[in-house]
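1. Got a sequence here, can you build the structure:
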Amino acid sequence: MAYRRWNHWNQVCAILITTVNALTATIHDRIPAILDPANYDLWLDPGMKNMTAVSELLKPNDAPLMRCYPVSTQINLAANDDEGCSTPVEVSETQDRLFPC
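-> Numbering: from 1, shown residues only. I've put the predicted structure just below:
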(Lines give C-alpha, C1' and ligand atoms only; values in the text may rest on other atoms or scores of the structure.)
Protein backbone atom coordinates (compact mmCIF):
# COMPACT_ATOMS: atom_id res chain seq x y z
CA MET A 1 0.00 0.00 0.00
CA ALA A 2 1.47 3.34 -1.03
CA TYR A 3 0.99 6.45 1.02
CA ARG A 4 1.53 9.94 -0.24
CA ARG A 5 2.49 12.61 2.21
CA TRP A 6 1.36 16.14 1.42
CA ASN A 7 2.85 19.23 2.94
CA HIS A 8 0.47 22.10 3.33
CA TRP A 9 1.12 25.68 4.32
CA ASN A 10 -1.61 26.70 6.67
CA GLN A 11 -2.66 30.30 6.48
CA VAL A 12 -3.08 32.03 9.80
CA CYS A 13 -4.82 35.29 10.46
CA ALA A 14 -4.79 37.41 13.57
CA ILE A 15 -6.53 40.69 14.27
CA LEU A 16 -4.39 42.97 16.39
CA ILE A 17 -6.33 45.49 18.42
CA THR A 18 -5.41 48.93 19.67
CA THR A 19 -7.02 51.72 21.63
CA VAL A 20 -9.74 53.82 20.09
CA ASN A 21 -9.55 57.30 18.62
CA ALA A 22 -12.13 60.09 18.94
CA LEU A 23 -14.27 58.72 16.10
CA THR A 24 -14.44 55.10 17.23
CA ALA A 25 -14.72 55.72 20.98
CA THR A 26 -18.51 56.03 20.70
CA ILE A 27 -18.71 52.52 19.21
CA HIS A 28 -16.34 50.40 21.28
CA ASP A 29 -13.38 50.58 23.65
CA ARG A 30 -10.93 48.93 21.25
CA ILE A 31 -10.59 48.57 17.47
CA PRO A 32 -8.52 46.57 14.99
CA ALA A 33 -5.17 48.20 14.25
CA ILE A 34 -5.02 49.69 10.75
CA LEU A 35 -1.57 49.57 9.22
CA ASP A 36 -0.57 52.47 6.97
CA PRO A 37 0.37 51.09 3.51
CA ALA A 38 3.64 53.07 3.73
CA ASN A 39 4.64 50.72 6.59
CA TYR A 40 3.82 47.37 4.92
CA ASP A 41 7.46 46.62 4.07
CA LEU A 42 8.61 47.33 7.62
CA TRP A 43 5.81 45.22 9.10
CA LEU A 44 6.52 42.27 6.79
CA ASP A 45 10.32 42.43 7.06
CA PRO A 46 11.33 39.03 8.50
CA GLY A 47 14.60 40.53 9.73
CA MET A 48 12.92 43.24 11.80
CA LYS A 49 14.00 42.82 15.42
CA ASN A 50 13.14 46.30 16.77
CA MET A 51 9.92 45.63 18.69
CA THR A 52 9.58 49.29 19.68
CA ALA A 53 9.50 50.36 16.01
CA VAL A 54 6.97 47.67 15.15
CA SER A 55 4.79 48.53 18.17
CA GLU A 56 4.65 52.16 17.01
CA LEU A 57 2.89 50.96 13.85
CA LEU A 58 -0.06 49.73 15.92
CA LYS A 59 -1.18 53.08 17.28
CA PRO A 60 -4.76 54.24 16.63
CA ASN A 61 -5.52 55.66 13.21
CA ASP A 62 -6.05 59.42 12.93
CA ALA A 63 -9.78 60.06 13.31
CA PRO A 64 -9.96 62.60 10.42
CA LEU A 65 -8.80 59.83 8.05
CA MET A 66 -11.79 57.65 8.94
CA ARG A 67 -15.54 57.71 8.35
CA CYS A 68 -18.27 56.34 10.59
CA TYR A 69 -21.80 55.47 9.46
CA PRO A 70 -24.36 52.72 10.12
CA VAL A 71 -24.42 49.69 7.79
CA SER A 72 -26.83 46.81 7.28
CA THR A 73 -26.78 43.75 9.53
CA GLN A 74 -25.95 41.94 6.28
CA ILE A 75 -22.33 42.43 7.34
CA ASN A 76 -22.83 39.98 10.23
CA LEU A 77 -22.77 36.97 7.89
CA ALA A 78 -19.38 36.03 6.43
CA ALA A 79 -21.05 34.63 3.29
CA ASN A 80 -22.10 38.18 2.39
CA ASP A 81 -19.15 39.65 0.56
CA ASP A 82 -20.44 42.42 -1.62
CA GLU A 83 -20.87 46.18 -1.80
CA GLY A 84 -24.04 46.04 0.30
CA CYS A 85 -21.98 45.28 3.39
CA SER A 86 -20.53 48.79 3.43
CA THR A 87 -23.45 50.77 2.01
CA PRO A 88 -24.81 53.34 4.52
CA VAL A 89 -28.31 52.66 5.88
CA GLU A 90 -30.80 54.55 8.03
CA VAL A 91 -30.77 53.54 11.69
CA SER A 92 -34.08 51.99 12.71
CA GLU A 93 -33.25 51.38 16.36
CA THR A 94 -30.62 52.59 18.78
CA GLN A 95 -28.06 50.21 20.19
CA ASP A 96 -26.07 51.44 23.19
CA ARG A 97 -23.01 49.26 22.62
CA LEU A 98 -21.73 47.12 19.80
CA PHE A 99 -21.38 44.08 22.09
CA PRO A 100 -23.87 44.50 24.95
CA CYS A 101 -23.04 42.42 28.02
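2. what's the closest non-adjacent residue to the residue nearest the centre of the chain?
-> Of all residues in the chain, the one closest to the mean position by C-alpha atoms, centre = their mean is residue 32, 4.1 Å from it. For residue 32, ignoring the flanking residues on the chain, the nearest one in space by C-beta to C-beta, 6 or more residues apart in numbering is residue 15 at 5.0 Å. All C-beta atoms are positioned from the backbone trio N, CA, C, and that covers glycine.
3. these two touch, right, residue 63 and residue 23?
-> Yes - using C-beta atoms under 8 Å, residue 63 is in contact with residue 23, at 4.0 Å.
4. For those two, indicate the residue with more neighbours.
-> residue 23 (17 against 14; other C-beta atoms under 10 Å).
5. which residues in the protein form strands?
-> Applying DSSP state E to the chain gives strands spanning 17-18, 31-32.
6. quick one: low-confidence ranges for this protein?
-> Residues of the chain meeting the criterion pLDDT under 70: 1-11, 92-101.
7. Spell out the residue ranges of the helices in it.
-> 40-44, 51-56 (DSSP state H).
8. need the ones you listed in JSON lines with mean neighbour count and distance to residue 89, can you?
-> Formatted as JSON lines, the helices of the chain follow (neighbours: other C-beta atoms under 10 Å; distance: least, C-beta to C-beta, whole Å):
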{"stretch": "helix 40-44", "mean neighbour count": "11", "distance to residue 89": "32"}
{"stretch": "helix 51-56", "mean neighbour count": "10", "distance to residue 89": "36"}
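9. Understood, closing this out.
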